[in-house]
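1. how would this look folded up:
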Amino acid sequence: MSTATSLRWLVVPEEVAAEPSRDLVGGKAWSLWRMRSLGLRVPPAFVVTTDACKAYFADGGLPDGLVEELATGIRFLEKKLGRTFGGRDRPLLVSVRSGAAVSMPGMMDTILDLGCNDDVEAALATESGDPHFAAEVHRRFTGFYGRLVLGCTDELDELPDTAAVRAAIVDDIDASVPADPWEQLQAAVAAVFESSRSRRALAYRKHYGIPDDLGTAVTVQAMVFGNLDDNSGTGVLFTRNPVDGIREPYGEYLPGGQGEDVVSGRVTPEPLSYLAARWPAVHAELLDAAERLDREGRDAQDIEFTVQSGELFLLQSRPAKRTARAAVRIAVELVDEGVIEPAEALSRVTADQIRTLLRPVIAAAAADTAEVLATGVPASPGVATGLVVDTPEAAQASPGCILVRRSTSPDDVHGMIAAGAVVTEQGGATSHAAVVGRALDTPCVVGCGAGTVERLVGRTVTVDATPGRIYAGTLPTSAADESEDDDLRRLTEWAEQATALRASPIATLEPVFDADTLAPEDLGDQLPEIPPGTKTVHGAIFCAPDGVRAALDAGVAEIVTSHRLPVLLAAIAHHRRTS
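-> Model (predicted):
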């Protein structure tokens with residue numbers, strides 16, 4: 001990709017181009033350039049930049065010149081594909097999706113099939129020879145646009161046809177989807193910009209310390225159709241298992257579906273073995289592409305793909321969200337493969353992830369006689385006990401509770417952040433709930449079946465997300481030991497070599513300051529003041545990242561802790577930030 005000199009707000013793909021700035025085009029569009037540069041098959045696209053997003057909020061609307069540049073971008077796609085946007089012969093449809101430089105769940109879902117209207121539906125029916133396919137494309141687009149751009153709150157996904165969806169939108173918000181594709185596109189771009197400042201996006205950025213002024217890019221990409229015929233489908237592939245980090249393909253495939261069907265969690269897809277058995281050549285091409293992206297990206301990749309009439313198209317590749325267990329395994333294995341050095345492996349694992357990994361598990365035999373209330377697909381391991389609630393607002397009001405939903409969407413992120421565990425009735429291992437659960441390292445079980453919400457809400461349950469079971473009541477737990485895990489042991493050895501701070505189970509240097517001896521009223525909301533000259537600090541408050549930073553800034557040489565690795569990683573991260 002390169003930025004043409006005549007364009008201020010767009011980046012348009014060209015045959016030969018330099019690597020674009022991720023800050024300018026966002027991670028999703030940058031991944032399109034990366035895949036295309038490797039010779040992989042990617043539908044053509046153009047990108048509205050993050051600069052345009054910033055100008056949108058500064059100007060209070062689409063910045064001057066953007067409307068004209070959108071037309072230029074569409075003409076590029078038309079020329080590339082021999083199609084016409086809004087045309088009655090070989091019509092061009094596009095997807096519109098957000099894409100910040102930093103992965104940021106919480107922004108607007110992708111709008112698929114934009115550019116559809118009554119005339120385009122008729123043209124699609126003629127071209128494909130399948131009026132049902134054309135009608136389904138129109139119905140889906142109308143629902144996407146009504147919900148994401150117009151703000152309709154009614155459930156539109158299950159309505160039978162476009163007329164029913166239109167009627168529901170009018171009934172709910174007294175608005176209609178415009179027939180003009182150009183009006184559709186301009187409003188969709190504005191809606192993506194607006195979503196970057198939605199409550200759920202703000203909650204995610206606050207939780208992870210991401211600045212609010214980064215903005216988002218908008219990728220406009222030619223549609224490929226996983227629902228075109230019996231030889232079409234869509235899926236998600238992880239190059240390494242995002243649950244345990246094992247180096248093997250992990251993913252799902254939905255025959256006859258479109259991309260949002262898989263990640264939404266509204267349907268349960270097939271395992272990748274289905275694709276391998278049905279279309280071995282496509283499966284082999286996918287695995288070859290995955291291997292190249294994993295190697296070139298120097299990390300586990302999360303790849304979205306569509307198969308249209310037996311032809312594979314790659315839509316996105318990005319570093320995979322993963323559990324703490326997977327993060328540790330992948331980091332160590334990449335060192336063993338000679339891809340990264342130990343110092344970089346330490347930068348890919350956080351102190352919080354190690355603390356998560358060392359958290360309690362259900363005690364041996366404790367589950368043998370416990371009542372199993374539900375079972376599902378393990379999506380993000382861990383154990384949590386709490387009262388079951390069924391709305392994100394209730395979860396936010398009761399941190400640590402168990403959030404149970406039919407499926408989750410970006411609207412639920414603030415509740416998922418607050419919850420101790422997440423359970424869904426629908427969806428598979430690559431659904432929204434699963435992906436966000438892994439990103440938050442929150443125990444998550446998906447696909448538990450219809451009626452789960454009704455059965456569980458209001459009860460106290462224990463979620464054991466490693467086998468995917470939900471038990472009645474509170475079950476006893478036991479804690480793990482980092483010295484018993486070979487990957488954790490090796491990371492600890494590397495971390496000890498990377499920082500001068502000592503992390504020990506007992507104090508070896510004098511004088512010692514022991515925060516555990518302080519009275520509760522002496523602690524307050526702030527870290528206790530460390531006396532000058534202190535060499536060793538003791539107390540749980542100094543094992544958290546804030547405590548480690550305070551100890552280092554006070555010249556402390558040793559922290560007493562039963563788990564050394566989280567303290568060492570926090571120290572290394574602090575050195576990295578201050579050096």
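2. now the strands: where do they sit in the stretch 1-150 of the chain?
-> 10-11, 45-48, 84-85, 91-92, 94-99, 111-114 (DSSP state E, counting those that start in this stretch).
3. Out of the ones you listed, flag the one nearest residue 170.
-> strand 111-114 (19.3 Å; C-beta to C-beta). Every C-beta, even on glycine, is put in place using the N, C-alpha and C of the backbone.
4. Count the neighbours of residue 90 for me.
-> By other C-beta atoms under 10 Å, the residues close to residue 90 number 14.
5. Relative to residue 120, how far out is it?
-> 10 Å (C-beta to C-beta, to the nearest Å).
6. Would you state the helices of the stretch 151-300 of the chain in chain order?
-> Applying DSSP state H, counting those that start in this stretch to the stretch 151-300 of the chain gives helices spanning 162-173, 181-195, 199-208, 259-264, 272-278, 280-297.
7. related to what we said a few turns ago, in a markdown table, list the strands of the stretch 1-150 of the chain along with distance to residue 415, mean pLDDT and mean neighbour count.
-> As requested, these are exported to a markdown table (distance: least, C-beta to C-beta, whole Å; pLDDT from 0 to 100; neighbours: other C-beta atoms under 10 Å):
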| stretch | distance to residue 415 | mean pLDDT | mean neighbour count |
| --- | --- | --- | --- |
| strand 10-11 | 35 | 90 | 25 |
| strand 45-48 | 30 | 95 | 28 |
| strand 84-85 | 39 | 97 | 19 |
| strand 91-92 | 38 | 98 | 22 |
| strand 94-99 | 21 | 92 | 26 |
| strand 111-114 | 24 | 94 | 25 |
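8. nearest to residue 505, of those?
-> Taking these one by one with C-beta to C-beta, strand 94-99 is closest: 46.1 Å.
9. ok, then the element right after the worst-scoring helix or strand of the chain on mean pLDDT?
-> Here the helix or strand of the chain ranked lowest by mean pLDDT, DSSP states H and E is helix 520-523, holding a mean of 47. Sequence-wise, the next helix or strand downstream of helix 520-523 (DSSP states H and E) is strand 536-538.
10. and that next one, how far from the chain's centre?
-> 38 Å (C-alpha atoms, centre = their mean, to the nearest Å).
11. what lines up beside that strand in the sheet?
-> Its sheet considered, strand 536-538 pairs with strand 512-514 (parallel), strand 558-560 (parallel) by DSSP bridges.
12. could you point out where the protein is predicted with low confidence?
-> Residue ranges of the chain with pLDDT under 70: 1-5, 13-17, 103-108, 208, 259-260, 262-266, 480, 518-526.
13. coming back round to it: tell me which of the strands paired with strand 536-538 sits nearest to residue 292.
-> Among the strands paired with strand 536-538, strand 558-560 comes nearest to residue 292, with 43.1 Å by C-beta to C-beta.
14. helix or strand right after that closest one?
-> helix 564-578.
15. mind putting the strands of the stretch 1-150 of the chain in CSV, distance to residue 431 included?
-> What follows is the strands of the stretch 1-150 of the chain, written out as CSV (distance: least, C-beta to C-beta, whole Å):
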stretch, distance to residue 431
strand 10-11, 31
strand 45-48, 25
strand 84-85, 32
strand 91-92, 30
strand 94-99, 17
strand 111-114, 17
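16. Contacts for stretch 351-360 next, please.
-> Contact with stretch 351-360 is made by 324-325, 327-328, 382-383, 441, 477-482, 488, 491, 545, 548, 563, 565-567, 569-570, 573, as judged by C-beta atoms under 8 Å, 6 or more residues apart in numbering.
17. what do you get if the cut-off is 7 Å, keeping everything else the same?
-> 324-325, 327-328, 382-383, 441, 477-480, 482, 545, 563, 565-566, 569-570, 573 (C-beta atoms under 7 Å, 6 or more residues apart in numbering).
18. Take the residues you listed and, keeping just the buried ones, write it as a PyMOL select command.
-> Filtering the contacts of stretch 351-360 down to the buried ones (16 or more other C-beta atoms under 10 Å) takes a single PyMOL command:
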select buried, resi 324+325+327+328+382+383+441+477+482+545+563+565+566+569+570+573
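19. And the strands of the stretch 1-150 of the chain: which comes nearest residue 428?
-> Comparing those by C-beta to C-beta, strand 111-114 comes nearest, at 19.4 Å.
20. Tell me the strands beside that closest one, with direction?
-> strand 94-99 (antiparallel).
21. The partner strand to helix 199-208, inter-axis angle?
-> 30 degrees (axes from the mean of the first three to the mean of the last three C-alpha atoms, to 10 degrees).
22. Please give me every residue in contact with the closest residue to residue 81 other than its chain neighbours.
-> In space, and not counting its chain neighbours, residue 81 is closest to residue 222: 5.9 Å by C-beta to C-beta, 6 or more residues apart in numbering. Shown in contact with residue 222 (C-beta under 7 Å, 6+ apart): 43-45, 77, 81, 92, 94.
23. what's the burial count for the nearest residue to residue 382 once chain neighbours are set aside?
-> Residue nearest to residue 382 in three dimensions, not counting chain neighbours: residue 443, with 3.5 Å by C-beta to C-beta, 6+ apart. Using other C-beta under 10 Å, residue 443 is surrounded by 27 other residues.
24. Residue 443 reaches residue 380, doesn't it?
-> Yes. The pair residue 443 and residue 380 qualifies as a contact (C-beta atoms under 7 Å) at a distance of 6.0 Å.
25. which neighbours do those two share?
-> Joint contacts of residue 443 and residue 380 (C-beta under 7 Å, 6+ apart) are residue 465.
26. Can you name the helix or strand that residue 462 falls in?
-> Going by DSSP H and E, residue 462 is in strand 460-464.
27. What's opposite the residue nearest to residue 81 in the beta bridge?
-> residue 94.
28. What separation is there between it and residue 315?
-> 11 Å.
29. Any chance of a markdown table for the strands paired with strand 536-538, columns distance to residue 505 and mean neighbour count?
-> What follows is the strands paired with strand 536-538, written out as a markdown table (distance: least, C-beta to C-beta, whole Å; neighbours: other C-beta atoms under 10 Å):
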| stretch | distance to residue 505 | mean neighbour count |
| --- | --- | --- |
| strand 512-514 | 14 | 17 |
| strand 558-560 | 7 | 23 |
